[in-house]
Every structure is written in C-alpha cells, then in structure tokens.
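*Asks:* My questions are about this predicted structure, shown below with the sequence.
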Amino acid sequence: MKKNFYNLIKGKFLVSDDALKNWRFIVFLSFLALIMIASSHSADKKVHKIAQLNNDVKELKSEYVDVRMKVMQSKLETKIIAAMARRGLQPSVEPPQKIKITNKK
C-alpha cells in the first residue's frame with residue numbers, strides 16, 4: 001500500500017508502459033475543466049448584464065414617471081392660462097358660436 005502511494009506521488013503512472021491511456025484521460029479531464037471554467041465565466045457575464053439591464057429599466061421607469069407628471073401638469077387649464085397670459089393672450093369671455101353651412105343645389 002505504501003509503495004503504491006509513493007508511486008502515485010512520484011508520477012510513475014505517467015511514464016510507465018501503459019501511460020498513453022492515462023495521458024488521454026488527463027487531457028480529457030483538463031478539456032472538461034476548461035469547458036466548465038468558460039461556462040462559469042459566461043454565466044457570470046450574463047448575470048452582470050442582467051443586473052445592469054434591470055438598473056437601466058428602473059432608471060428609465062422613474063424618468064418616464066417624471067416626464068409623465070410634467071406633461072400632466074402642463075395640460076392643466078390653470079397652467080395653460082398662465083402661460084398664455086405671459087404671451088398676452090387671455091381666455092375668451094364669450095362662448096363660441098356654431099357656424100352652420102348648408103348646401104344649396
């Protein structure tokens with residue numbers, strides 16, 4: 001048992017006569033490890049991208065609410081009257097008149 005452990009530590013299984021199958025297995029495991037590392041990095045990049053996009057969505061939603069509030073306030077009749085008063089326009093005191101057009105043939 002002790003001899004087998006020392007042979008394993010010294011790496012005798014890599015230089016023995018049937019070492020080719022051991023090397024193939026080691027290369028295969030190394031390839032799988034590289035694939036696993038690349039997959040992990042790809043997943044991390046996607047997670048960071050998703051977090052960034054979520055932050056962008058929250059920012060755009062708050063900007064939308066702010067702009068919508070400003071538009072709603074600018075549509076108020078009192079705001080429109082005040083803006084037009086600065087330009088010298090005032091609301092009419094007379095109601096509008098209806099114009100009727102009849103076709104005479």
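*Replies:* Perfect, I can see it now. Residues are numbered from 1 along each chain as shown.
*Asks:* End to end on stretch 88-95, go ahead and measure it.
*Replies:* The first residue of stretch 88-95 is 20 Å away from its last residue (CA to CA, to the nearest Å).
*Asks:* quick one: average pLDDT of stretch 95-105?
*Replies:* Stretch 95-105 shows a mean pLDDT of 86.
*Asks:* Residue 6 - how many residues pack around it?
*Replies:* The number of residues packed near residue 6 is 10, by other CB atoms under 10 Å. (C-beta placed from N, C-alpha, C; glycine too.)
*Asks:* CA atoms only for stretch 65-78 - export them in PDB, please.
*Replies:* Provided in PDB are the C-alpha atoms of stretch 65-78 (Å, rounded to 0.1, in the frame of the first residue of the first chain):
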ATOM      1  CA  VAL A  65     -43.000  58.800 -14.400                       C
ATOM      2  CA  ASP A  66     -41.200  62.200 -14.000                       C
ATOM      3  CA  VAL A  67     -41.800  63.200 -17.600                       C
ATOM      4  CA  ARG A  68     -45.400  62.000 -17.500                       C
ATOM      5  CA  MET A  69     -46.000  64.100 -14.300                       C
ATOM      6  CA  LYS A  70     -44.600  67.200 -16.000                       C
ATOM      7  CA  VAL A  71     -46.800  66.600 -19.100                       C
ATOM      8  CA  MET A  72     -49.900  66.100 -17.000                       C
ATOM      9  CA  GLN A  73     -49.200  69.300 -15.100                       C
ATOM     10  CA  SER A  74     -48.600  71.300 -18.300                       C
ATOM     11  CA  LYS A  75     -52.000  70.200 -19.600                       C
ATOM     12  CA  LEU A  76     -53.800  71.700 -16.600                       C
ATOM     13  CA  GLU A  77     -56.100  74.600 -17.600                       C
ATOM     14  CA  THR A  78     -54.600  76.900 -15.000                       C
END
